[in-house]
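*Asks:* Here's a sequence, model it:
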Amino acid sequence: MALINPKKREVQVKIVYYGPGRGGKTTNLEYINRKFKKRILNEMVTVKTYGDRTLFFDFLPFDIGEIKGHSIKIQLYTVPGQVKYNATRRLVLRGVDGIVFVADSMDLRREMNIRSLQNLKENLETFNKNIFNIPLVMQYNKRDLADEGIPILSEETLQKDLNSRLNAPYFQASAIRGDNVAATMKKIIALTVSSLRKKLQ
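*Replies:* Below you'll find the predicted structure:
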C-alpha cells in the first residue's frame, strides 16, 4: 500500500517493472530517466548483482492531481530478471502499488515469459496480494527486432500466453527506441493512482 507522509503531505506510490531477464525492464527505466530528466528528483540508483541489475528512482509526474490533499510522488523500480535472484525480486515487490510486466517478444523467450508471470503471481501471494486485483499493464517489448529479421511472437500469442485471463491493458513497445515506453508508464501511473484514490476514500 502507498506510503502516506502526513508531515510532507505526500503520498509515495511504488511501481515495479517485472519480467524475465534481459526483457528490457532496465532499458525502459533508462529511457524514462533520459526523456523526463526535468521531473526526476534524484539520480537513478543501480544495484548491480552479478550479471543482472536492480534499479530505482523517484519520479515526479505532474497533472495527476492529489490524493486527499497530498501531492503524489512515484517511485519506479525494476527487479533482477534472473531466477537465482528471486529473493531480491520478492523484496522489491514489498509494498508495490502497480506493476508493469515487460515481456520479451523474441520467439525463443516464450517459455521464460510464462514462467516469469507465474513467478510474479507467486511472489505477490507471499504479501497477500492477488495479481487480478493489482493495477497491471502488459508491455510486449522488442517489437523492433522484427525489422532485423529476428523471429518474434505475434501479439495474439503473447495475449493468449500472458493476458487472456488477466485482461490487462497492453502495449507493443521497443524500449531501445522508446516506442510506447512513455505510454506504458502513463497508463500504469493512471491506473495505480485511480486505484489508490478509491482505497483511500
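*Asks:* now the helices for this structure?
*Replies:* Remark: helices assigned in the chain by DSSP state H are 25-35, 86-93, 110-125, 155-158, 181-200.
*Asks:* low-scoring pLDDT stretches of this structure, where are they?
*Replies:* 1, 40-43, 46-65, 201 (pLDDT under 70).
*Asks:* again, only using 80
*Replies:* Residue ranges of the chain with pLDDT under 80: 1-6, 8-9, 37-68, 81-85, 200-201.
*Asks:* Spell out the residue ranges of the strands in it.
*Replies:* 3-5, 10-18, 45-49, 52-59, 66-67, 70-78, 98-104, 136-141, 170-172 (DSSP state E).
*Asks:* Throw these into JSON lines and include mean neighbour count and distance to L153, thanks.
*Replies:* Every C-beta, even on glycine, is put in place using the N, C-alpha and C of the backbone. Compiled in JSON lines, the strands of the chain are given as follows (neighbours: other C-beta atoms under 10 Å; distance: least, C-beta to C-beta, whole Å):
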{"stretch": "strand 3-5", "mean neighbour count": "13", "distance to L153": "37"}
{"stretch": "strand 10-18", "mean neighbour count": "23", "distance to L153": "18"}
{"stretch": "strand 45-49", "mean neighbour count": "12", "distance to L153": "28"}
{"stretch": "strand 52-59", "mean neighbour count": "19", "distance to L153": "23"}
{"stretch": "strand 66-67", "mean neighbour count": "16", "distance to L153": "38"}
{"stretch": "strand 70-78", "mean neighbour count": "21", "distance to L153": "22"}
{"stretch": "strand 98-104", "mean neighbour count": "27", "distance to L153": "8"}
{"stretch": "strand 136-141", "mean neighbour count": "27", "distance to L153": "8"}
{"stretch": "strand 170-172", "mean neighbour count": "19", "distance to L153": "11"}
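*Asks:* Including distance to T126, could those go into a markdown table?
*Replies:* Shown next, in a markdown table, are those (distance: least, C-beta to C-beta, whole Å):
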| stretch | distance to T126 |
| --- | --- |
| strand 3-5 | 20 |
| strand 10-18 | 14 |
| strand 45-49 | 20 |
| strand 52-59 | 18 |
| strand 66-67 | 27 |
| strand 70-78 | 17 |
| strand 98-104 | 15 |
| strand 136-141 | 17 |
| strand 170-172 | 26 |
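*Asks:* thinking again about what came up before, need the helices of the chain in TSV with distance to P6 and mean neighbour count, can you?
*Replies:* TSV is the format used below for the helices of the chain (distance: least, C-beta to C-beta, whole Å; neighbours: other C-beta atoms under 10 Å):
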stretch	distance to P6	mean neighbour count
helix 25-35	29	21
helix 86-93	25	17
helix 110-125	28	17
helix 155-158	43	14
helix 181-200	13	18
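*Asks:* Looking at those, which is nearest to K8?
*Replies:* Smallest distance to K8 across the helices of the chain (C-beta to C-beta): 16.3 Å, for helix 181-200.
*Asks:* on that earlier part again, with distance to I74 as new columns, can the helices of the chain be given to me in CSV?
*Replies:* Shown next, in CSV, are these (distance: least, C-beta to C-beta, whole Å):
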stretch, distance to I74
helix 25-35, 10
helix 86-93, 15
helix 110-125, 20
helix 155-158, 26
helix 181-200, 6
